[in-house]
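> pasting the sequence and the predicted model now:
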Amino acid sequence: MDGTSARRHDHLKAWSALPQIEMPQKAALRALIADDHGSERSRSYDLLRTRMLPEVTERGWTRIGVSQASPGPASSLTALNLALSEARRPDRHVLLIDLDIAHQPVLARFGQAGMPAGPLFRACTVTPRLAFATVQAAPDLAAITLLSPQFQQALSEMIMGMAADVTILHLPPCLSDDAGLAALPLVDTVLLTIDGRRDTAADLRRCEAHVTRHCPVLGLFLHNAEA
């Protein structure tokens, strides 16, 4: 094992020391999480994963953003379920980070709320190959936090220290406030999720225009309107 491989092995061993977040007990929350291999819901995210992989691998992208036009469940569920799908591959370790500081909707998918204080990043494991991190910062300073060089450096160091194969970052909505725009330079590409009940063609054009000023759009994913 060379030096780089040995360091990555040591980093990944540290995952076992992280606390584990439990799946939600409420049936309404549990039904939306696609962690059961082979179900119809899981298959849709497995297909999304497999369609994305060739371009992500070819271009060397390691930070995949997931966003949507306006606040809603589409992007947080897509980010979580896509991360679970990728982590089902036996050779992959995945890090999921929720950069929607003001609302922390991915954490809410587990039936939990953010902590009022603590370290900047709070990490845990969802499965042995999926780690999840939230950002502990003032909700009304979300954009300022994301724009801060100190935060950006800390984010890079945390991602490097976790040594995952790919990092999926859930971003604030593109069109709701400036936090969504502030997060775009922190990723290599963005998957835009579409809420068929509320997003319009004009919304999507505005989102794509914002994203492409910073990075390529990886694709569009139509979120199940019944979820």
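That came through, no problem. The model shown is predicted, which means the values in this text are computed figures rather than measured ones.
> for stretch 176-193, measure first residue to last.
From its first residue to its last, stretch 176-193 covers 15 Å (Cα to Cα, to the nearest Å).
> cool, and stretch 16-27?
Start-to-end span of stretch 16-27 (Cα to Cα) is 28 Å.
> now do the strands in this protein.
63-67, 94-98, 121-127, 130-135, 166-170, 189-195, 217-223 (DSSP state E).
> now tabulate those in a markdown table and tack on distance to Asp177 and mean pLDDT.
(C-beta placed from N, C-alpha, C; glycine too.) Putting the strands of the chain into a markdown table (distance: least, Cβ to Cβ, whole Å; pLDDT from 0 to 100) gives the following:
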| stretch | distance to Asp177 | mean pLDDT |
| --- | --- | --- |
| strand 63-67 | 13 | 97 |
| strand 94-98 | 16 | 97 |
| strand 121-127 | 22 | 93 |
| strand 130-135 | 16 | 96 |
| strand 166-170 | 16 | 97 |
| strand 189-195 | 17 | 94 |
| strand 217-223 | 20 | 91 |
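> neighbours of Cys124, how many?
Residues lying near Cys124 (other Cβ atoms under 10 Å) number 17.
> go on, the one 3 residues further on?
Residues lying near Thr127 (other Cβ under 10 Å) number 16.
> one more: the one 4 residues further on?
A total of 26 residues lie near Ala131 under the criterion other Cβ under 10 Å.
> just the one 3 residues further on next, same as before
By other Cβ under 10 Å, 24 other residues sit near Thr134.
> i'd like the first residue to be 6 from this point on
Done: numbering now begins at 6, and the last item shifts to Thr139.
> ok, it touching Arg127?
Yes: Thr139 lies in contact with Arg127 (Cβ atoms under 8 Å); the separation is 5.2 Å.
> which residue is the nearest non-sequential neighbour of Leu189?
Sequence neighbours aside, His219 is the residue nearest to Leu189 in space, at 4.2 Å (criterion: Cβ to Cβ, 6 or more residues apart in numbering).
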